[in-house]
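Trainee: Sequence first, then the predicted structure, then my questions.
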There are 2 protein chains.
Amino acid sequence: MSERINRAIIDDAFWSPYGKLIRDTVIPYQWETLNDRVADAEPSHAIRNFRIAAGLEEGTFKGWVFQDSDLAKWLEAVGHSLATHPDQELERIADEAIELVIKAQRPDGYLNTYFTVEAPDKRWTNLTDCHELYCAGHMIEAAVAYFEGTGKRRLLDAMCRFADYIGDVFGTEPGQIRGYDGHQEIELALVKLFRATGNERYLSISRYFIDERGQEPSFFDREWENRGRTNHYSNGIPAPRPNNEYFQSHLPVRQQSVAVGHSVRAMYMYAAMADLARLDGDQELLRACERLWDNTTGKQMYVTGGIGSTHHGEAFTFDYDLPNDTVYAETCASIGLVFFAQRMLRLKSHRKYADVMERALFNLVLAGMSIDGSHYFYVNPLEVWPEASARNPGKRHVLPSRPKWYGCACCPPNIARLIASLGDYVYSVDEASKTIYAHLFIGGEWSGELGDLPITLSQESSLPWRGDVKLKVSLTKKARFTIALRIPSWCDGEQRLLLNGVPVERETFAVVDGYVYINREWSDADTLNWELPMKARWIMAHPEVRENAGKAAIQYGPLVYCLEEADNGKPLASLRFSTESSLRAEFESNFLGGAVVIRAEALKDEAGGWEDGELYAPASKKKHFETVAVRAVPYFMWGNRGLGEMTVWVRAD
Amino acid sequence: MSERINRAIIDDAFWSPYGKLIRDTVIPYQWETLNDRVADAEPSHAIRNFRIAAGLEEGTFKGWVFQDSDLAKWLEAVGHSLATHPDQELERIADEAIELVIKAQRPDGYLNTYFTVEAPDKRWTNLTDCHELYCAGHMIEAAVAYFEGTGKRRLLDAMCRFADYIGDVFGTEPGQIRGYDGHQEIELALVKLFRATGNERYLSISRYFIDERGQEPSFFDREWENRGRTNHYSNGIPAPRPNNEYFQSHLPVRQQSVAVGHSVRAMYMYAAMADLARLDGDQELLRACERLWDNTTGKQMYVTGGIGSTHHGEAFTFDYDLPNDTVYAETCASIGLVFFAQRMLRLKSHRKYADVMERALFNLVLAGMSIDGSHYFYVNPLEVWPEASARNPGKRHVLPSRPKWYGCACCPPNIARLIASLGDYVYSVDEASKTIYAHLFIGGEWSGELGDLPITLSQESSLPWRGDVKLKVSLTKKARFTIALRIPSWCDGEQRLLLNGVPVERETFAVVDGYVYINREWSDADTLNWELPMKARWIMAHPEVRENAGKAAIQYGPLVYCLEEADNGKPLASLRFSTESSLRAEFESNFLGGAVVIRAEALKDEAGGWEDGELYAPASKKKHFETVAVRAVPYFMWGNRGLGEMTVWVRAD
């Protein structure tokens, strides 16, 4: 059993600037933040916590109990970045940070600055709340990324010691703690550690955590009883019994069918489940993954790729409950959804996984960051009324503009590590069938082997503004294998394939589960043109989604659009469309660096016929409309032009 | 200066059964509750608190810090009830309860069982949270009602002693506390005490509380500092600074223009302000009342007469923010709105006040209670999805069915006292212009004097099911005076007046501010027929109400209608109407004791064209409708037929 990553080096008109932003702006800025050197951001204290734990400095731990993970995510992003863009100075800084991490590690391998500094005798006594294994998981992911990016083993070896120790502490043997973490993360990290080391023990520890979760009697309930029914935040005062649904520990994971609880926790767990299902050939686990995927994306996902309908517990609620204005849709949750999709694609190349991955990436994940990379959303609403965010407490969590940084800074470094590793999501390879799958259409170069055969695949893509994709094969000799191209659902079956410039008949190649399988003998420099027609169109939601009844959204290719007050005045709710009406897509080079905007016409309810203080009136007396021109802009670009209303779903009939 | 009530004795096909329900069911049930004798309801402990404070029993105080007000509201309801429906046994029980109250009173007049039992040295140290003057106000209201209902002065005299003591403690003189209560109530109660006693000191204490409120420096801020920045509920741990908007103490009341904060507090205060504006001829205060009225009802009121858009602080949010599904719209707040309207009508007979009073009474207030009087709503939503109430924490406060009773039982006794005193809201009299105003069309008999002239006015009304009203004058001699009838805005100027059976030309009598002024020489047995055409029609909300964009509601006469799942299946949001379509009103004698229901046709989105797990799709592929017959029922009757969806606002174009 072995694991490989299939990383492309991104070179794409749309995505490369984001990669550059991450390298030039986000990673350096985050480093300053971790070191408390940004004057107008909340101090992170993350580096200081490590220095104190390492004995280099006196002081107390500060920040969230999971503050260590901020440094871990930064190191992971750096690892990914160095893999494709070497940078000596950055590597020197990261090496130093890694030495600091190793100094903070205890002799037995344990690493956690909160417990080391504040409560060394309390290790593993509150897995429910305290994120010890979560932080461990992130540092393991960092170690793997840094190893894969630089070849350096210092952090990897340290994290192997930690993982070995974790494997000693946890398990079903006498003397072991039969527990698991409140925030899943270690599970998928251990799979990566197996990939980097080939050591199957890490897989088996991961498998233990997955299989133990949700077994009766509840581990979290027992922990809570043992703590005198308190929790980490209750200052010794009795706190409610842990909500096992929140932690996805309400049922053994193999019995789960419905996405519940904290959505980031859920995604990280599902991703690990999919990893294990594949590596173990575990059909029961696979079926659980499929059920959870179908429920998440088929019943509980926003059209933007957002998940998590409520800020209470940053959680899923229930099927078809997708409020646009009190939504949570945390950036990290959709990043987790991308992770889950990537794992499902390695189990089975079905378009539905890649369609969702693309939806989340091009819409929600990018919306989590301002165009200039300096401001971030946690919560990604589909409808914003800034006054309501300010004055209706039920919408206080729905910020109408991106803040600079967060005390709980999970989302910004998560975006950074995802974009820095974007090349991992474009392709997958099935060695057995000699098939290279192209899931995403993002330009760049992938090099790998099928058996002994070295192959390079270069992609040029004009997404998301146009649907022209070109793939070029570089080979040292002719060879028969398959390139499978995804047929995005948004092109409505109107895709066109050209092989070396010659149109290919539809029947020539098999289409299975939304992929066309181009099986042939390839020669060096063969090219594929993959033409994916994009047009703007009205999208509806399932009638059970009460929130969107009588409404439609605009989609163009993979992009979901929104209306902003900056273009269309307010209230946006006063606009009414016909889904028969035409939508005109136009590239505007001056719009925030260039974008396709959509132009349409709407009827606007006029308030002119209403007297001041007249709140309700017979409909027969109040029909005043005017026709207005509307501009819709890509959702991911919203909130970059000052404060104002925004909506994805508009009234339409 | 003197004050009078203008009470009618209700005899009305629609309302009398509610009065009977209050007398036969609610008042006895509440008495059992106050005595902790209802097995399946939370114990109130209210009577026991008084017994303990009176030294008749050992024990500790239990319940909310304002638990005393439950007994006070019960006594007030009993006082109102005895005024029109003598009941020896009930009066005996109430007399005993009053003796208990008086036993619990301290020698200096102070009365509050919480402080007497639990913290005798802490009197008046936490007006912000502890409701001492609020409870005083309710017991004063009870005393006045009981005096006016029975002629008995025991409680009235006791409450005068309390009020005298309060007047000594509070004020601007040296040694007095320059404060006011966190929950307004004492202010309007003292005006009633003036009415019952003629003692102008009570007016001046009320005036002090009104004028002091919101002056700088903030009294609540100072109290909070003096308490070591704690509050009553924080267990000695520092708590946030009081939110003066919540208490309407953010500005001197005369400077207020926008309804903010806790909506019940606001209404009770505005009612007292209107009382004082009238009694003092205070134009500045009057203008503040008008501004606050216009803002409350013209910018922040639901079509049902509900107010308070958020459960966070049971509060107003801001103009045009009227979410239907996360609404608060507490029953007590609309009862307070009825109080405010009644006071405004005594300042100026303008239809807008009575229209709102009628709207709140016939819709929201009645909806607060089940048809059988045994179950009550606090929160009165305009849209309910039972699964969302159960599974989306942001809607947890929106109960989809009425619970039996509440630990914080403010609403049920508030409904009881309002309905028991409904006769106070029908008429008002302007002595100077010799005008009797009929604001509401509720059958019954009113007797009073204009100068020396005794007059009896009998009303028969078929509201709310039909708009036929008949008024008969009984006189001992002919006399010239004016009867002013409100022209409800819902009859759209199509009213018809008959005098002694003869139609009256429109121009015969002056119409001012929505009242027709019938000034003539009246003879005994003169009759007026007031025919108010009712038809079902579509109502729209102002375009700034984003929540209701593209929606309409059905109104028939004063009644707002809703759709329920019981009649129309679910999701209700899948129904779409045309506001051009006909609405057919039909009286159904079998519907919950008889009601006018509205029949209409709608297009229903069909889920049949959607595959399982298909959540979004191009609109062009998903247009499946069927025409369905719909039944709408009066909003006040919703939730009496099992759990299900309900909505007031429906999609309409």
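Mentor: Structure received.
Trainee: In three-state terms, label A:Ser349 for me.
Mentor: Applying DSSP: H, G, I helix; E, B strand; the rest coil to A:Ser349 yields a three-state assignment of coil.
Trainee: ok, now which ones touch it?
Mentor: When contacts are counted by C-beta atoms under 8 Å, 6 or more residues apart in numbering or on different chains, A:Ser349 touches A:Ser428, A:Asp430, A:Thr435, A:Tyr437, A:His439, A:Ala484, A:Asp513, A:Tyr515. Bear in mind the C-beta positions are built from the backbone N, C-alpha and C, glycine included.
Trainee: Which of these fall in strands?
Mentor: In this view, these that belong to strands under DSSP state E are A:Ser428, A:Asp430, A:Thr435, A:Tyr437, A:Ala484, A:Tyr515.
Trainee: dump the residue contacts of the nearest residue to the second one once chain neighbours are set aside.
Mentor: In space, not counting the residues next to it along the chain, A:Asp430 is nearest to A:Tyr437; the distance is 7.1 Å by C-beta to C-beta, 6 or more residues apart in numbering or on different chains. A:Tyr437 makes contacts with A:Leu345, A:Ser349, A:Tyr427, A:Ser428, A:Val429, A:Asp430, A:Ala484, A:Arg486, A:Tyr515, as judged by C-beta under 8 Å, 6+ apart.
Trainee: Can you turn the buried part of those into a ChimeraX selection?
Mentor: With 16 or more other C-beta atoms under 10 Å in any protein chain shown as the criterion, this ChimeraX line picks the buried residues out of those:
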select /A:345,349,427,428,429,484,486,515
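Trainee: Could you tell me how many residues sit around A:Val560?
Mentor: Counted with other C-beta atoms under 10 Å in any protein chain shown, residues neighbouring A:Val560 total 26.
Trainee: That one - that's part of a strand, no?
Mentor: Yes. Checked against three-state DSSP, A:Val560 lies within a strand.
Trainee: Low-confidence ranges, chain A, go.
Mentor: A:1-3, A:405-410 (pLDDT under 70).
Trainee: Show me how it divides into domains.
Mentor: A:12-307+A:317-326, A:427-531, A:536-652 (automatic domain parsing).
Trainee: Same list (those) but as a markdown table, adding distance to B:Lys20.
Mentor: Output for the domains of chain A, formatted as a markdown table (distance: least, C-beta to C-beta, whole Å):
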| stretch | distance to B:Lys20 |
| --- | --- |
| domain A:12-307+A:317-326 | 42 |
| domain A:427-531 | 63 |
| domain A:536-652 | 32 |
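Trainee: residue contacts, the residue of the stretch 351-500 of chain A found nearest chain B?
Mentor: Per C-beta to the nearest C-beta, A:Pro393 is where the stretch 351-500 of chain A lies closest to chain B, at 3.6 Å. By C-beta under 8 Å, 6+ apart, A:Pro393 lies in contact with B:Thr310, B:His312, B:Gly313, B:Thr317.
Trainee: Tell me how far the first one lies from chain A.
Mentor: Using C-beta to the nearest C-beta, to the nearest Å, B:Thr310 is found at 6 Å from chain A.
Trainee: contacting residues around that residue?
Mentor: A:Asn392, A:Pro393, A:Gly394, B:Phe316, B:Thr317, B:Thr326, B:Tyr328.
Trainee: Roughly how far does the fourth one sit from B:Glu284?
Mentor: Relative to B:Glu284, B:Phe316 is positioned 23 Å away (criterion: C-beta to C-beta, to the nearest Å).
Trainee: out of the two, which sits in the busier spot?
Mentor: Neighbour totals were compared for B:Phe316 and B:Glu284, and B:Phe316 leads with 30 against 11 (other C-beta under 10 Å).
Trainee: which ones are touching the spatially closest residue to that one that is not a sequence neighbour?
Mentor: Leaving aside its sequence neighbours, B:Phe316 sits nearest to B:Ala259 (C-beta to C-beta, 6+ apart; 4.9 Å). For B:Ala259, the contact set (C-beta under 8 Å, 6+ apart) comprises B:Ala266, B:Leu292, B:Asn295, B:Thr296, B:Gln300, B:Ile307, B:Phe316.
Trainee: Sort out for me which of those are in strands.
Mentor: Checked against DSSP E, these include nothing in strands.
Trainee: Save those residues as CSV, and put in distance to A:Glu387 too.
Mentor: Listed next are the contacts of B:Ala259 as CSV, based on distance: C-beta to C-beta, whole Å:
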residue, distance to A:Glu387
B:Ala266, 20
B:Leu292, 20
B:Asn295, 15
B:Thr296, 18
B:Gln300, 13
B:Ile307, 18
B:Phe316, 13
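Trainee: which of these tops the neighbour count?
Mentor: Of the contacts of B:Ala259, with other C-beta under 10 Å as the count, B:Phe316 tops at 30 neighbours.
Trainee: ok, that one - contacts?
Mentor: Counting by C-beta under 8 Å, 6+ apart, B:Phe316 has contacts B:Ala259, B:Val260, B:Gly261, B:Ser263, B:Ala266, B:Thr296, B:Gln300, B:Ile307, B:Gly308, B:Ser309, B:Thr310.
Trainee: Widest-spaced pair of the residues you listed?
Mentor: Within the contacts of B:Phe316, B:Thr296 and B:Thr310 form the most distant pair, 15.0 Å apart (C-beta to C-beta).
Trainee: Got phi/psi on the residue of the stretch 351-500 of chain A closest to chain B?
Mentor: phi -60, psi -20 (degrees, to the nearest 10).
Trainee: now do the one 4 residues further on
Mentor: For A:His397, the backbone dihedrals are phi -80, psi -10 (criterion: degrees, to the nearest 10).
Trainee: What about it, how many residues nearby?
Mentor: Neighbours around A:His397, by other C-beta under 10 Å: 18.
Trainee: Skipping adjacent residues, who's closest to it in space?
Mentor: The nearest residue in space to A:His397 (C-beta to C-beta, 6+ apart) is A:His311, at 4.2 Å.
Trainee: do the same with A:His45
Mentor: Using C-beta to C-beta, 6+ apart, the nearest residue to A:His45 is A:Lys62, at 3.9 Å.
Trainee: quick one: that neighbour and chain B, what's the gap?
Mentor: Using C-beta to the nearest C-beta, we find A:Lys62 at a distance of 20 Å from chain B.
Trainee: got the contact list for that residue?
Mentor: A:Pro43, A:His45, A:Arg48, A:Asn49.
Trainee: element containing it, please.
Mentor: Assigned by DSSP states H and E, A:Lys62 belongs to no helix or strand.
Trainee: residues contacting A:Ala266?
Mentor: Neighbours of A:Ala266 in contact, by C-beta under 8 Å, 6+ apart: A:Gln184, A:Gln248, A:Ala259, A:Val260, A:Leu292, A:Thr296, A:Phe316, A:Ala333, A:Gly336.
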